[in-house]
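Novice: Predicted model follows, preceded by the sequence.
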Amino acid sequence: MTEVRVQTSKNRSLWATNYWKCLFDSLCRKGSRHDPRREYPDLKEHLEHLIEERAGRFHPRIGTALCEHDDDKVRVIRMTRVAKGKEEIAFAPAWQPITSSWTRIESPFFGTPGDSKYEAQSKSNQEVLGKRIEQDRDIRSLGLSFTLSQFRKDRDLDNLYDGLVKLFNKLYPKINELLLVKETPRPEQGEVLGVLSDVRSQVVAKVVAINS
């Protein structure tokens, strides 16, 4: 299981809807149809050592952290906005933060983009969350933990967040740091979202830099 850390100098929303899909696809076995070096120009220098084009798709280079794995193996994503010139992509063994004290909200299942059933559930989940979580527009860091049910197919962590990102971008427009965690699946029906509105107070990042 792997942790991916991305330090980006991207302007505006740290995580716009579907914005990072190409990046995570290109770092994992199945690859991406689109060239991430074009999609993320501030990360181009770092991606040169991580991806290559094969048969019209952009795949991770042999020997990189996720070259033999699909992106459901990514258990932790740390996304941070940094000054230009400080960008980085790094991998580490997934270190699971302790999330038991986070606000916990249960739903029938998490929605993901691309299917009407799952998008309808995402909308319902956002309505519930909007009534339960802190409404401070000055929040700068956010942590979310996703606990899926073992009775359902595993889901990619970036897709799980994409199903909720519109709500969080609306509530917290100043987010500069984001921690996403996929927990061990629970042995019952229903899925649980944990929310922490100040990641820095409880979480210390552990990063191992990529091979250059």
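Specialist: Sure thing, it's come through.

Novice: Check the secondary structure at the most centrally placed residue in the chain for me.
Specialist: Centroid-nearest residue in the chain: residue 158, 3.9 Å away (criterion: Cα atoms, centre = their mean). Classification of residue 158 by DSSP: H, G, I helix; E, B strand; the rest coil places it in helix.

Novice: Can you name the residues that contact it?
Specialist: 20-21, 24, 71, 74, 77, 180 (Cβ atoms under 8 Å, 6 or more residues apart in numbering). Every residue, glycine included, has its C-beta placed from N, CA and C.

Novice: Check what contacts stretch 73-80 and list those residues.
Specialist: Counting by Cβ under 8 Å, 6+ apart, 1-8, 14-15, 20, 24, 28, 66, 94-97, 156-158, 161, 176-182, 205, 207 sit against stretch 73-80.

Novice: swap in stretch 144-154?
Specialist: So stretch 144-154 is contacted by 72, 97, 99, 102, 109-110, 155, 157, 160-161, 164, 168, 178-196 (Cβ under 8 Å, 6+ apart).

Novice: Kindly provide the distance from the residue nearest to the centre of the chain to residue 94.
Specialist: Relative to residue 94, residue 158 is positioned 14 Å away (Cβ to Cβ, to the nearest Å).

Novice: mind checking how far the most far-flung residue of the chain relative to its centre is from residue 32?
Specialist: Distance from the C-alpha centroid of the chain, by Cα atoms, centre = their mean, peaks at residue 55 (27.1 Å). Distance of residue 55 to residue 32, computed by Cβ to Cβ: 12 Å.

Novice: as a whole number, average confidence for stretch 39-53?
Specialist: If you average the pLDDT over stretch 39-53, you get 97.

Novice: Buried residues of it, list them for me.
Specialist: Of the residues in stretch 39-53, 39-40, 42-43, 46-47, 50-52 count as buried by neighbour count, 16 or more other Cβ atoms under 10 Å.

Novice: Also stretch 190-200?
Specialist: Those would be 191-197, 199, for stretch 190-200 by 16+ other Cβ under 10 Å.

Novice: In CSV, list these along with distance to residue 143 and secondary structure.
Specialist: Output for the buried residues of stretch 190-200, formatted as CSV (distance: Cβ to Cβ, whole Å; DSSP: H, G, I helix; E, B strand; the rest coil):
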residue, distance to residue 143, secondary structure
191, 17, strand
192, 14, strand
193, 11, strand
194, 8, strand
195, 7, strand
196, 4, strand
197, 8, coil
199, 4, helix
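
Novice: for these, which one is nearest residue 137?
Specialist: residue 197 (11.3 Å; Cβ to Cβ).

Novice: Tell me the spacing between that closest one and residue 135.
Specialist: 10 Å.

Novice: same question, residue 105
Specialist: 15 Å.

Novice: How is the chain partitioned into domains?
Specialist: Listed by automatic domain parsing, the domain ranges of the chain are 2-93, 103-201.

Novice: In terms of mean pLDDT, which of the ones you listed ranks lowest?
Specialist: It's domain 103-201: among these, that one has the lowest mean pLDDT, namely a mean of 90.
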